[in-house]
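> below are the sequence and a predicted model for it; my questions follow.
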Amino acid sequence: MSRSGPPETILPAVDVAIMHALRQALATSVDSRRAAVASVVAKHPTCLHAWAALGRASTPGIDAYMAFRVGYHRGLDQLRGSGWRGSGFVRWQHESNHGFLECLEGLAVNARIIGEESEAVRCQQFLIQCDPRGRG
């Protein structure tokens, strides 16, 4: 910890080509969107933005929970690889952090939907610890 408070971790930017592929997948019809996003995830399984998009494109409940949970755990790995040691800020203001934070938020919401209340509360608390200011 420094004099200015807990350390801040910023994940590396997502490759522009991957983001382009993800935007194209998200632009498909609602009926084919989940499959298109899943294809991007399959080609780029470390892309947290893609996991978050897959969660959003999934049916709320267990399907979305699974996508958000995988993205969350991949995000923890990336945070550790970026110097995070289990505490400190991961702020919304950095676009490169959005995939992780969206996975964490989606995990909280869908844990509650499937009845995992204690996990939902833990995830919500972690989200606040990552950035007390929220999406602002």
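Alright, I've got the coordinates. As the structure is a computational prediction, the values presented were derived from the model and not from experiment. Numbering: from 1, shown residues only.
> what's the neighbour count on Ile62?
11 (other CB atoms under 10 Å). Backbone N, C-alpha and C define where each C-beta goes, glycine included.
> how about it: what's its closest non-neighbour residue?
Nearest residue to Ile62, sequence neighbours excluded (CB to CB, 6 or more residues apart in numbering): Ile114, at 5.6 Å.
> then Gln129?
Distances taken as CB to CB, 6+ apart place Ser87 nearest to Gln129, at 7.7 Å, with adjacent residues excluded.
> now do the contacts for the one you found.
Listed by CB atoms under 8 Å, 6 or more residues apart in numbering, the contact set of Ser87 reads Pro6, Pro7, Gln129.
> take those and keep only those in helices.
Members of the contacts of Ser87 lying in helices (criterion: DSSP state H): Gln129.
> the residue nearest to Gln129: what secondary structure?
What DSSP: H, G, I helix; E, B strand; the rest coil gives for Ser87 is coil.
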